[in-house]
Each structure stands twice: as C-alpha cells, then as structure tokens.
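Q: Have a look at this fold, sequence not included:
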C-alpha cells in the first residue's frame, strides 16, 4: 500500500492537465483500478487480515481521491491565471454607446400643452374612451339626426336595438370629459381634457384615431374676450413667438355663439411659418358653452357661463415641428421616431423653454 500511495501521489502531483489527471483516477480508483482490485481481494482474507487491510485500503482510496480533487482545483486555477494574463479589460474606458428610445412627438406636445394651460390655472381631467351616446352626443346638445351620429362617421361598439343597454361609441371628442367634470365638480371650473378620440376618416391630415385637447372655463363673468386672451397666450407660448388670432362665426351644437379660430401664418415654399405673414390657418373651434350643455352637466345657466374650445394635438405637432403627414405618427418607423423624437429627460417647462 505504501508503494501505491507513493506512486499515485507523485503521479498526481506531476499531472500537467485534467486529461492526465482523469487517466490516473481510472488507473487508481476506477472499476478496474489498482486500489479497487486490492479491495476486491478483501473477500479472500481472514477476518483478522480484513480488520487490518480494510481500513488501510479505505484510507488509501480517500487520500488518492482527495489528492485528485485538490490537483483538479489547482489546474483550474492555473488555467484561469493563464487566461487572465492574456485577456484583460480596461475598466476606465468609456462604455459602448447604446441606442435609447425617444419620446413620441404626440407625447411631447401633450406635455407642452399641459404645461402652458397649467400655468394659466387649468387642471387636467380625463375620462373613458368608450362612452355612452348620452355623454358623447345628447349631453352635448347634438340632436339624433346630426351626421356625426351616423355609423359612417362614428365607431359604435354597441347599438341600443340589440338589447336594453344604451348605445356605446368610441368617443369622437373629449367633450364628454367636460360633462363628467361638471357633474362631479360643479362650477366654477377650469379644465383641459387631452386624450385619444376616434372618427371614421383617413387621409394625409386625418386618421381613425387621433388626439385632442379641449378646454372648459366656467364662471359668473367669463366672456369671449377671456377666450381670445387664453388662446393668444397659449399660441404665443407654444410657438415661441407672438401669434395673432382671427375669430370667424361658425356653428357647433354645444356652443352659442360659436367661432372657428385662425392663426396668423405665411406660406413659403410649401412651408407654414406661424406668427408672421398675411395668411391665416384654421386650427380650432370654440365658443360660449350652450345653456343646454350646462344643464346636462348640472350647472345653472342663469348663474354661470363660460367658454370651451378644442384642437388637435397631432396637428399642433405637425405645425410646430414640420411634420408633413399625420399618418406617419402611427407607422412605428424607427427612423422617423429617431428623427422627430425627443430625449426622455427633455421635459417641457415654461421656465426651461418649450421650443427645440
């Protein structure tokens, strides 16, 4: 046994790699290894001889196995040291640049619009995108024969004739949020209602889903003059230059009187420049809230009056950032998003500036 111990411990210590170490393991303690064969001879011995040889063989096997494990660890450490000597990394080098996402122009413009109106004391109100036809039409003084209530213009999710539930639509404007806010908070009130809206239309300047922001201000002495001041202050802050407005008489079921609002602009080489020139561009509809709408919202029209307006966030983004086609907003083209997108930390604020 002493000869076997000496033979294998010296061979293990001299092993140059793991393959040589594995050969030694098989020769020593494998099924047909020398130590294993010696252990099979225990059955031929007398009980007295087994009491001496058995523990000695077990101790020899344990010693060789431990030596094999220790040598295997030593070889692995040596291999790692050799690898580290040839492979190294300078941790002081700058990290590889990684492409990061960008803020969509619609999200950016929504934040810009919210920041401007918040500075004028308007709170943000939100509501469901699937509305009953009462909130979407009836409460807004839109009669049953109005073209907007036809299926060719409005997406219906449920029609009344199918069962006893009221008709539901994908909201065609954010005006239902105004009714819900009047019901909940009463008057006086000053809110804007940004959000997605849906209409059956699709071309260069229309998509079936788009974004609107509507405003509502109610009080005891609010007039069209207040509306004009609010809109001119908004456009001046939004476009970063003085912008004149022009009101044209119009008709909307939910306002009386009603007015289309144009902003001053110029056309040069197919490019619109806001705030200069002698041309005008229609951007929104507005007016004084109709008494029937106030009644639907639980407001006494003999005590309170106010104005409302609505404009497309997508079109504002097109005007401000020179985006020619509304449909590109929803194409998910990464090249377009990288070109027109905004950095995630570029939060619009009035004191930090809204124009890029």
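A: Received, thanks. Just so you know, these numbers come straight off a predicted model, no measurement behind them.

Q: nearest spatial neighbour of the residue nearest to the spatial centre of the chain, skipping sequence neighbours?
A: The structure's the chain has its C-alpha centroid closest to residue 103; by C-alpha atoms, centre = their mean the separation is 8.4 Å. When the adjacent residues along the chain are set aside, residue 103 lies closest to residue 342, with 4.1 Å between them (C-beta to C-beta, 6 or more residues apart in numbering). For the C-beta atoms, the positions are set from N, CA and C on the backbone; glycine is no exception.

Q: pLDDT score assigned to the one you found?
A: Residue 342 is assigned a pLDDT of 82 by the prediction.

Q: Contact partners for it?
A: Residues in contact with residue 342 (C-beta atoms under 8 Å, 6 or more residues apart in numbering) are 102-103, 105, 108, 356.

Q: And it, its phi and psi?
A: Here is the backbone geometry of residue 342 (degrees, to the nearest 10): phi -120, psi 150.

Q: and what of residue 263?
A: When quoted as degrees, to the nearest 10, the phi and psi of residue 263 stand at phi -120, psi 150.

Q: contacting residues around it?
A: Taking C-beta under 8 Å, 6+ apart as the contact definition, residue 263 lies against 235, 243-246, 274-275, 280-281, 283.

Q: And those, which is the shakiest by pLDDT?
A: Comparing pLDDT over the contacts of residue 263 singles out residue 275 as the least confident position, at 82.

Q: For that one, give me its contacts.
A: In this structure, residue 275 makes contact with 235, 239, 241-244, 263-265, judged by C-beta under 8 Å, 6+ apart.

Q: residues near the nearest residue to it once chain neighbours are set aside, how many?
A: Counting by C-beta to C-beta, 6+ apart, residue 241 is the residue found nearest to residue 275 once chain neighbours are left out, at 3.9 Å. Neighbour count of residue 241, defined by other C-beta atoms under 10 Å: 14.

Q: now do the one 5 residues further on
A: A total of 14 residues lie near residue 246 under the criterion other C-beta under 10 Å.

Q: So residue 213, which state does it fall into?
A: In terms of secondary structure, residue 213 is strand; the call rests on DSSP: H, G, I helix; E, B strand; the rest coil.

Q: To clarify, my last question referred to residue 336.
A: Using three-state DSSP as the criterion, the local structure at residue 336 reads helix.

Q: correct me, but it touches residue 328?
A: Yes: Residue 336 is within contact range of residue 328, at 5.6 Å (criterion: C-beta atoms under 8 Å).

Q: what about residue 97, which SS state?
A: The three-state label given to residue 97 by three-state DSSP is coil.

Q: What distance do you get for it to residue 1?
A: Taking C-beta to C-beta, to the nearest Å as the measure, residue 97 falls 66 Å from residue 1.

Q: the more surrounded of these two?
A: Summary of the neighbour comparison: residue 97 and residue 1, criterion other C-beta under 10 Å, with residue 1 having more neighbours (12 against 6).

Q: Please report how far that one lies from residue 58.
A: Distance from residue 1 to residue 58, counting by C-beta to C-beta: 11 Å.

Q: Residue 318 now?
A: Summarising the geometry, the distance separating residue 318 from residue 58, computed by C-beta to C-beta, is 86 Å.

Q: Check residue 240 too.
A: Residue 240 sits at a distance of 89 Å from residue 58 (criterion: C-beta to C-beta).

Q: Can you show me the strands along the stretch 151-300 of the chain?
A: Using DSSP state E, counting those that start in this stretch, the strands assigned to the stretch 151-300 of the chain run over residues 156-158, 168-170, 189-198, 209-219, 245-252, 255-268, 271-274, 279-289.

Q: which residues sit in contact with the closest residue to residue 105 other than its chain neighbours?
A: Nearest residue to residue 105, sequence neighbours excluded (C-beta to C-beta, 6+ apart): residue 317, at 4.5 Å. Residue 317 makes contact with 105-106, 108-109, 323, 329, according to C-beta under 8 Å, 6+ apart.

Q: Can you add pLDDT and secondary structure and give those residues back as JSON lines?
A: Below are the contacts of residue 317 laid out as JSON lines (pLDDT from 0 to 100; DSSP: H, G, I helix; E, B strand; the rest coil):
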{"residue": "105", "pLDDT": "89", "secondary structure": "helix"}
{"residue": "106", "pLDDT": "91", "secondary structure": "helix"}
{"residue": "108", "pLDDT": "89", "secondary structure": "helix"}
{"residue": "109", "pLDDT": "91", "secondary structure": "helix"}
{"residue": "323", "pLDDT": "85", "secondary structure": "coil"}
{"residue": "329", "pLDDT": "86", "secondary structure": "helix"}
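
Q: among those, who's most crowded?
A: Among those, residue 109 has the most neighbours (other C-beta under 10 Å), with 27 neighbours.

Q: I'd assumed residue 318 was in contact with that residue.
A: No: taking C-beta under 8 Å as the contact criterion, residue 109 and residue 318 are not neighbours in contact, 9.5 Å apart.

Q: pretty sure the residue nearest to the centre of the chain is touching residue 344, no?
A: Yes: using C-beta under 8 Å as the test, residue 103 is close enough to residue 344 to be in contact (6.0 Å).

Q: can I see the domain layout of this protein?
A: The chain breaks down into these structural domains: 2-86, 106-340 (assignment by automatic domain parsing).

Q: So, low pLDDT: which residues of the stretch 1-150 of the chain?
A: Applying pLDDT under 70 to the stretch 1-150 of the chain flags no residue at all.

Q: That one: helices as residue ranges?
A: Across the stretch 1-150 of the chain, reading from the start of the chain, the helices by DSSP state H, counting those that start in this stretch fall at 2-14, 18-29, 34-40, 47-86, 105-119, 133-136.
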